[in-house]
Structures are given as C-alpha cells and as structure tokens.
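1. got a sequence here, can you model it:
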Amino acid sequence: MKDYRPISLIGSLYKIQAKVLANRLKRVIGSVIGETQMAFVRNHQIQDSFIIAEEIIHHWKKKKEEGLMVKLDFEKAYNSLDHGFLDNTMKDIGFGWKWRHWILHCISSLEISVLVNGNPTREFGMERGLRQGDLLSPFLFNVAIESLSDLFRKAINLDLMKGVTLSGEAIHITHLQFADDTILFLQPKKDYVMNVRRILRCFDLASGLHINFHKSCVVEVGRRENPEVNWAGVFRCVKATLPITYLGLPLGGRPSSKILWTVLIRRLENHLAHWKKSFLNKSGRVICAKYEVPYDVLKWDWNCGAGSSVFTKTVGNLFSQGSKSAQILNDGLTVLVGRGDRARLWSDVLTDGSSLKEAFPRIYVLAVDKSGCIRNYGKRVEDEWKWEIILRRSLFNWEIEQWNCFTNCLANIIIRDSIQDSIGWRFGIQVGSNLSCHFCQDHSESIDHLFLLCKWSWKLWQSCMKWWGITCCSFSSVIEWWRGWTGLCPKVKSERAWTSLFFVVVWSIWEARNNKVFKDGVLDFIQTEDMSGFRTP
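-> Next up is the predicted model:
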C-alpha cells in the first residue's frame with residue numbers, strides 16, 4: 001500500500017465536528033507542545049525557526065567550534081502516522097479517555113478502497129495516517145511528533161547526546177521543528193551521533209513516521225577536529241554544504257551575497273502576474289509607491305512572541321542584562337527630550353552617563369511618582385516650563401545639597417513642544433582620522449572641493465569642455481557651477497547632451513573617488529576622461 005496515496009473526501013458534518021474539536025485543541029496545544037515546535041502554536045512564527053538556526057550557525061563560526069547540522073525528511077508523514085501511537089502519546093500527555101475516544105473516532109472512521117486492474121476493491125478501514133485538509137490533522141501531528149522531542153530531552157539528561165549551548169549555559173538547543181520539517185544541531189562526537197541514530201530508529205518503529213535518509217542531509221559547520229570521520233555515512237544520507245534551503249530560505253550563506261538571494265527573487269518574480277503589472281493604471285501605481293509597512297509588523301514585541309519562547313531566549317538574550325551587547329547599548333544610548341510625553345524622567349534622562357534615579361537615589365526614594373513621563377512633572381506657565389516634583393515628606397538638612405544638584409540637572413532639560421522625544425547615540429558617528437581629499441591630499445574633502453575645486457576634478461572639467469570648444473573659470477560652489485553651466489550651453493549644439501555632460505562628469509568623479517577609497521584602486525585620469533566621453537550621449 002505504500003505506493004498508493006489515499007485521497008478521502010470530507011463531508012460537511014465532519015467538517016463541523018473537526019472545527020469544534022480543533023478550536024478546543026488550539027487553546028491548549030501551546031501548553032503540551034515544546035517550545036521548539038513553531039507550527040500551529042500561538043506566538044510562534046515560521047521565521048523564528050530560520051532566525052534561530054542562523055544564530056546557531058553564526059555562533060559556531062564566531063566561536064570557531066565544530067558543529068553538526070542534520071536536516072531530516074519524513075517520508076509521507078501525514079499518511080504513515082500510527083493511530084495507536086497517537087492515542088498512547090495523548091494519554092501520556094494527559095488527555096482524558098473521552099477526548100481520545102472522540103479523536104480516534106474522527107481519524108479511524110474513514111474507509112477506503114483502491115483500484116486493482118481498474119476495479120475497486122472492498123472497502124477497509126485505515127489504521128495509519130491523517131487526512132490531508134482536515135483541521136485536526138496539523139494539531140494531532142504536532143502531538144505525535146512531540147514524542148521525538150521528549151526522547152531528545154531524556155537523552156540529554158542521560159548524557160547520551162548534546163546539542164548547542166548559547167549565552168553561556170542559559171540556552172541549550174538540540175532541534176527545531178516546523179510541522180514535519182526537523183533540523184538537528186549536534187556536537188560531532190561519534191557516541192552522540194550514534195545515539196541520535198538509534199533514537200530516530202526507535203521513533204520510526206514506534207510511530208510509523210519513517211525518515212527518508214536518502215532525502216535528508218548532513219552539514220558540517222566550523223573547523224573539523226576529526227576530518228577522517230564521515231558523518232554523512234553514519235546517518236546514511238547526503239552530505240551538503242552551506243548555504244542550504246530551509247523553510248524556503250537560504251540558510252547559512254552570506255546575507256550580502258547577491259547570488260544567495262537571486263533564486264529567491266526569481267521565485268517571487270515568477271509568482272507575479274506580469275499582465276496585471278502591465279495594465280496597472282497610474283493611480284494604482286501611486287498607491288503601491290506610497291504603501292507603508294504596518295507599524296505592528298515592525299514592532300519587536302509583535303515578532304518576539306511570549307517572553308519564555310525559544311526565539312526570545314536565543315535572539316533576545318543577546319541584549320540581556322549583563323551581556324556585552326547590552327552594556328554597549330546602555331553606554332551609548334541617550335534620550336533626546338522633546339515634548340516629554342514619552343521619555344521617563346527617572347529612568348531615561350541621563351546625567352554623566354547614569355539615570356536620575358542612579359545619580360540622586362535619595363530624591364528618587366522620596367518621590368511620589370517614580371515611573372511617569374517628563375511631562376507629568378511640570379507644566380508650562382507663560383512660555384516657561386515649571387517643574388513640580390512632589391515628595392513624600394520635607395527634606396532634611398543633609399538632603400538639601402543633593403536636592404540642589406537635582407534641580408540644577410532639571411534646569412538643563414529643555415522641553416520643546418514641537419519635537420518628539422527620540423533616542424540618540426552619545427558618541428556620535430565615528431569617522432576616520434584622515435579627512436583630506438583623496439585626489440590632491442591638500443585640502444579637507446567636501447562636496448564643493450571634491451566635485452569642483454580640487455585640481456584633479458577641475459582638470460577633468462576643463463578637458464570635457466574642450467570637446468565643445470569652451471573655456472571657463474571655476475566657481476566657488478557646485479550649485480553656482482550648475483547655474484553657470486546651463487548658461488554656457490552652445491546654441492548650435494544639443495542642449496540635452498550638454499546638460500547630460502554635467503552629470504556624467506560628476507558621476508565619473510564620484511566613481512573614481514570610491515574606487516580609490518573602497519577598492520584601493522589606482523587613480524587614472526586618462527581612464528576617467530575616456531569613460532566620461534563614452535557615457536556622454
């Protein structure tokens with residue numbers, strides 16, 4: 001029967017029953033399914049698995065550690081799940097007899113027949129498989145495959161296998177799942193790998209979910225300590241190299257590589273209806289051009305999900321309290337006060353690198369409101385901001401000195417009603433020490449000097465104007481030079497070509513400058529002059 005793919009029709013009454021049971025199961029599925037399963041679980045998204053996998057690969061490469069990544073392929077996953085195994089799994093999780101009886105009735109009441117030599121056989125019941133398109137099937141499959149996660153957790157507790165550890169000892173990940181897409185992260189030790197192979201075999205025999213090792217692959221990440229060991233041979237699957245395709249995206253490649261995203265972009269272009277794009281009217285194009293991504297999609301909290309999710313632990317832990325990343329942010333970020341309706345007085349306003357509650361702890365303890373925004377601590381009277389800090393009691397004599405320092409800091413805070421509160425970087429933009437012109441090395445580089453006043457650039461301008469038989473003195477700025485350029489256009493020749501020459505020369509100068517700065521290229525005046533001539537229409 002493995003050569004047949006059963007197709008069954010679902011009636012209207014069954015759809016209603018499955019919808020009711022699926023809605024009930026959806027409420028509790030998150031509490032019985034592990035955090036490594038990202039499919040059909042609230043607050044888990046498909047991109048979480050991909051981002052976590054990228055972080056793990058980056059961790060291995062950064063630490064120069066050896067890691068083993070195994071991508072598993074389940075053969076006809078929905079069609080081979082054993083019903084008895086599913087019932088036992090639900091019983092172990094804690095589902096009652098009545099609920100399990102309902103589920104078994106839904107999945108085992110189906111009767112099918114097959115065609116043999118064109119004639120249908122006698123109908124028979126199914127003991128394996130879930131119906132494709134059934135609302136219950138995704139949740140039941142997650143429940144069944146959760147047994148594999150339990151086996152991995154028990155193996156870790158018995159020191160039979162090890163995954164990857166991130167952020168010290170805070171996070172330990174062995175696998176990620178999105179429905180039947182499973183990827184393992186292992187330490188490349190032969191005992192651990194063989195134990196994983198045995199676990200997968202036991203799970204195969206118990207559940208009926210057969211792993212097709214011919215379509216699975218093994219990826220070795222980082223430097224190899226034992227190059228003579230063939231890990232792909234241990235799993236009897238294909239050996240692959242990064243990047244690989246995971247959940248439809250290239251995993252483990254260089255994000256800046258154009259080749260990496262070419263296949264994905266081409267796939268998206270193939271899904272576009274070219275005739276719709278061709279016949280889109282002007283108003284429709286304006287709507288597409290002005291479309292803005294919804295704010296909620298870009299919010300970190302929207303994507304981060306629950307605070308205890310594995311995504312939050314993996315990615316969010318990079319900026320957790322005490323980490324180097326968090327320390328860099330805390331040292332560099334500062335609040336720029338505007339209207340004062342978003343910035344918090346005690347925790348956001350900085351003085352000498354520390355917040356007001358850290359700089360003036362005694363005043364902070366005595367304050368009645370400790371979490372309000374700046375605008376809650378005063379009001380504007382005759383175009384002047386008056387601070388109103390309410391304390392729980394009067395100050396003692398030894399507290400007055402700290403209060404005076406506190407009021408001096410408040411006096412330096414300027415409330416601007418026309419500007420929003422924002423976050424700034426205290427250290428400014430770090431620039432190199434050499435700001436001189438890369439052409440002449442005599443003056444500091446600016447827009448006017450680079451494109452006009454530099455001897456090298458002006459020589460290029462004069463050379464291009466000779467083609468038209470024109471000589472001219474230099475101007476003091478690029479804007480004035482453009483205004484004078486339009487008046488120099490010879491009346492007997494094309495005005496369009498003369499205007500284009502201006503932009504061609506500017507682009508040639510900019511290209512030559514960037515080629516020297518970023519590519520360590522040689523400054524060749526003749527080549528730049530020839531390219532300007534070729535580009536001029």
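
2. nearest spatial neighbour of F139, chain-adjacent residues omitted?
-> With C-beta to C-beta, 6 or more residues apart in numbering as the criterion, F139 has its nearest non-adjacent residue at 4.9 Å, and that residue is L25. Placement of C-beta: from N, CA and C, glycine included.

3. can you count the residues close to that neighbour?
-> 21 (other C-beta atoms under 10 Å).

4. tell me the pLDDT of it.
-> Each residue has a pLDDT score; the one for L25 is 87.

5. so what's K215 closest to, chain neighbours aside?
-> D73 (4.0 Å).

6. quick check, pLDDT for that neighbour.
-> For D73, the predicted pLDDT is 86.

7. mind listing what it touches?
-> 211-213, 215-216 (C-beta atoms under 8 Å, 6 or more residues apart in numbering).

8. how about a cut-off of 10 Å?
-> 180-182, 210-217, 237 (C-beta atoms under 10 Å, 6 or more residues apart in numbering).

9. can you put those residues in CSV and add secondary structure, neighbour count and pLDDT?
-> Formatted as CSV, the contacts of D73 follow (DSSP: H, G, I helix; E, B strand; the rest coil; neighbours: other C-beta atoms under 10 Å; pLDDT from 0 to 100):
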residue, secondary structure, neighbour count, pLDDT
D180, coil, 18, 81
D181, strand, 19, 85
T182, strand, 23, 89
H210, coil, 17, 87
I211, strand, 19, 86
N212, coil, 13, 85
F213, coil, 19, 84
H214, coil, 11, 84
K215, coil, 13, 86
S216, coil, 21, 88
C217, strand, 20, 90
C237, coil, 21, 86
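
10. on that earlier part again, thinking the residue nearest to F139 is in contact with F95, fair?
-> Yes. L25 is within contact range of F95, at 9.4 Å (criterion: C-beta atoms under 10 Å).

11. need the overlap of contacts for these two.
-> Common neighbours of L25 and F95 are listed as 32, 103, 143 (criterion: C-beta under 10 Å, 6+ apart).

12. now the residue nearest to F139: which helix or strand?
-> helix 12-32 (DSSP states H and E).

13. can I get stretch 46-65 in CSV, CA atoms only?
-> Presented in CSV, the C-alpha positions along stretch 46-65 are these (Å, rounded to 0.1, in the frame of the first residue of the first chain):
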residue,chain,number,x,y,z
ILE,A,46,7.8,30.3,10.8
GLN,A,47,10.6,32.9,10.7
ASP,A,48,11.5,32.1,14.3
SER,A,49,13.0,28.7,13.3
PHE,A,50,15.0,30.3,10.5
ILE,A,51,16.4,33.1,12.6
ILE,A,52,17.3,30.7,15.5
ALA,A,53,19.1,28.4,13.0
GLU,A,54,21.0,31.4,11.6
GLU,A,55,22.1,32.4,15.1
ILE,A,56,23.3,28.9,15.9
ILE,A,57,25.4,28.8,12.7
HIS,A,58,26.8,32.2,13.4
HIS,A,59,27.6,31.1,17.0
TRP,A,60,29.6,28.1,15.6
LYS,A,61,31.5,30.2,13.1
LYS,A,62,32.2,33.0,15.6
LYS,A,63,33.5,30.7,18.3
LYS,A,64,35.3,28.6,15.7
GLU,A,65,33.6,25.5,17.1
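
14. buried stuff in that stretch?
-> Using 16 or more other C-beta atoms under 10 Å as the test for burial, stretch 46-65 gives 48-50, 52-57, 59-60, 65.

15. show me these that map onto helices.
-> Secondary structure from DSSP state H places 48-50, 52-57, 59-60 of the buried residues of stretch 46-65 in helices.

16. ok, Q37 - contacts?
-> Each residue near Q37 by C-beta under 10 Å, 6+ apart is listed here: 29-30, 44, 49, 142-143, 145-146, 149, 175-179, 182, 310.

17. go on, E480?
-> Contacts of E480 by C-beta under 10 Å, 6+ apart are 448, 452, 474.

18. you'd agree the second one is up against S477?
-> Okay, so that is L452. Yes. Between L452 and S477 there is a contact under C-beta under 10 Å: 7.3 Å.

19. how about the strands in the stretch 401-537 of the chain?
-> Secondary structure of the stretch 401-537 of the chain, counting by DSSP state E, counting those that start in this stretch: strands at 422-425.

20. how much space between H214 and L176?
-> Distance check for H214 against L176: by C-beta to C-beta, to the nearest Å, it reads 22 Å.

21. phi and psi next, for L158.
-> The phi/psi pair for L158 (degrees, to the nearest 10) reads phi -90, psi 10.

22. my read: it touches N195, true?
-> Yes. Look at L158 against N195 with C-beta under 10 Å: they come within range, at 9.1 Å.

23. neighbour count for the two, which is higher?
-> N195 (18 against 9).

24. run the chain-centre distance for the helix or strand hosting the more buried one.
-> In the assignment (DSSP H and E), N195 maps to helix 190-207. Counting by C-alpha atoms, centre = their mean, to the nearest Å, helix 190-207 is centred 33 Å from the centre of its parent chain.

25. list the buried residues in that helix.
-> For helix 190-207, burial by neighbour count (16+ other C-beta under 10 Å) applies to 192-193, 195-196, 199-200, 203-204, 206-207.

26. need the residues you listed in CSV (columns: pLDDT and distance to G222).
-> Shown next, in CSV, are those (pLDDT from 0 to 100; distance: C-beta to C-beta, whole Å):
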residue, pLDDT, distance to G222
Y192, 90, 16
V193, 89, 16
N195, 91, 21
V196, 91, 18
I199, 92, 24
L200, 90, 23
F203, 90, 28
D204, 89, 29
A206, 90, 34
S207, 88, 32
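
27. rebuild those residues as CSV, extending it with distance to S422.
-> CSV is the format used below for the buried residues of helix 190-207 (distance: C-beta to C-beta, whole Å):
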residue, distance to S422
Y192, 50
V193, 52
N195, 54
V196, 50
I199, 52
L200, 53
F203, 53
D204, 57
A206, 58
S207, 55
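
28. measure stretch 231-239 end to end?
-> Start to finish, the residues bounding stretch 231-239 are 8 Å apart (C-alpha to C-alpha, to the nearest Å).

29. would you mark the buried spots in that stretch?
-> So, applying 16+ other C-beta under 10 Å, buried residues of stretch 231-239: 231-232, 234-235, 237.

30. least confident secondary structure element in this structure?
-> Least confident helix or strand, the chain: helix 300-304 with a mean of 50, by mean pLDDT, DSSP states H and E.

31. the residue nearest to V70 when sequence neighbours are not counted: what's it in contact with?
-> Excluding the flanking residues, the one nearest V70 by C-beta to C-beta, 6+ apart is L184, at 4.1 Å. By C-beta under 10 Å, 6+ apart, L184 lies in contact with 68-72, 152, 161, 163, 173-177, 193, 196, 200, 216, 218, 235.
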